[in-house]
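Peer 1: everything below, folded, please.
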Amino acid sequence: MLAGELLRLSAARFPDKPALIDGDRRLTFREFDHAANRAAQALLALGLRKGSRIAILSPNCMEFAILYFGAARAGVIAAMLSTRATPRELAYMLNKIGAEALFHAESLTSTVQAVVGQVASLKHRIATDAKAFAALMAKGRDDAPSVPLDLDDPLAMTFTGGTTGFP
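Peer 2: Predicted coordinates:
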């Protein structure tokens, strides 16, 4: 089963139940489903396409989950990067995956600014603070994108960290 379909089925079964709780913010499964669609549409509106690669540099938060499922629905491959990465490690990972977009927590802006000039593939850098994320989401719609997805399509990339070298 595709990750985006799993969320859609949960929204159909439990539309008004809480799906995401982030401090005092809450989204029901229906709201989460719609937000994932808007994120998917917004990613496509940025010029990303099936197979494009994005990076998410963020602690656990509502925006992280929305981006993850939005990317899954758009066929965009998401790499979740450690918020503890040094600028050198971050540049390495972004270049290794060929990230076209980087979504990052506002608190990590200085780390991100230290590496953006070192990543030739990077076209978009978007903070996940309320204002920037709202602007991104405004580019999307509540309906699911019409991207043909297959069970064999890649979903995400994960780096592991070691003590002897780069992730």
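Peer 1: so where do the strands sit in this protein?
Peer 2: Counting by DSSP state E, one finds strands in the chain at the ranges 18-22, 25-28, 53-57, 77-81, 101-104, 124-127, 156-158.
Peer 1: please name the residues that touch the residue nearest the centre of the chain.
Peer 2: Nearest to the mean C-alpha position of the chain, by CA atoms, centre = their mean, lies L67 at 3.3 Å. When contacts are counted by CB atoms under 8 Å, 6 or more residues apart in numbering, L67 touches 39, 54, 56, 78, 103, 128. Placement of C-beta: from N, CA and C, glycine included.
Peer 1: and the least confident of the residues you listed?
Peer 2: pLDDT across the contacts of L67 is lowest for T128, at 90.
Peer 1: I'd say that one and L102 touch.
Peer 2: No - counting by CB atoms under 8 Å, T128 stays clear of L102, with 10.4 Å between them.
Peer 1: buried sites along the lowest-mean-pLDDT helix or strand in the chain?
Peer 2: Taking mean pLDDT, DSSP states H and E as the measure, the chain has helix 130-137 as its least confident helix or strand, at a mean of 88. The neighbour-count check on helix 130-137 (16 or more other CB atoms under 10 Å) flags 132-133, 136-137 as buried.
Peer 1: wait, which of those is closest to L43?
Peer 2: Using CB to CB, L136 is the member of those that sits closest to L43, with 8.5 Å.
Peer 1: against G23, how distant is that closest one?
Peer 2: Using CB to CB, to the nearest Å, L136 is found at 20 Å from G23.
Peer 1: about what we covered before: list of residues touching the least confident helix or strand of the chain?
Peer 2: 35, 38-39, 42, 63, 66, 106, 126-127.
Peer 1: also stretch 40-50?
Peer 2: 4, 52, 54, 69-76, 100-101, 123-124, 136-141, 143-145, 147-149, 153.
Peer 1: which of those residues are buried? Put it as a PyMOL command.
Peer 2: Here is the PyMOL command that selects the buried residues among those (16+ other CB under 10 Å):
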select buried, resi 4+52+54+69+70+71+72+73+74+75+76+100+101+136+137+140+144+145+147+149
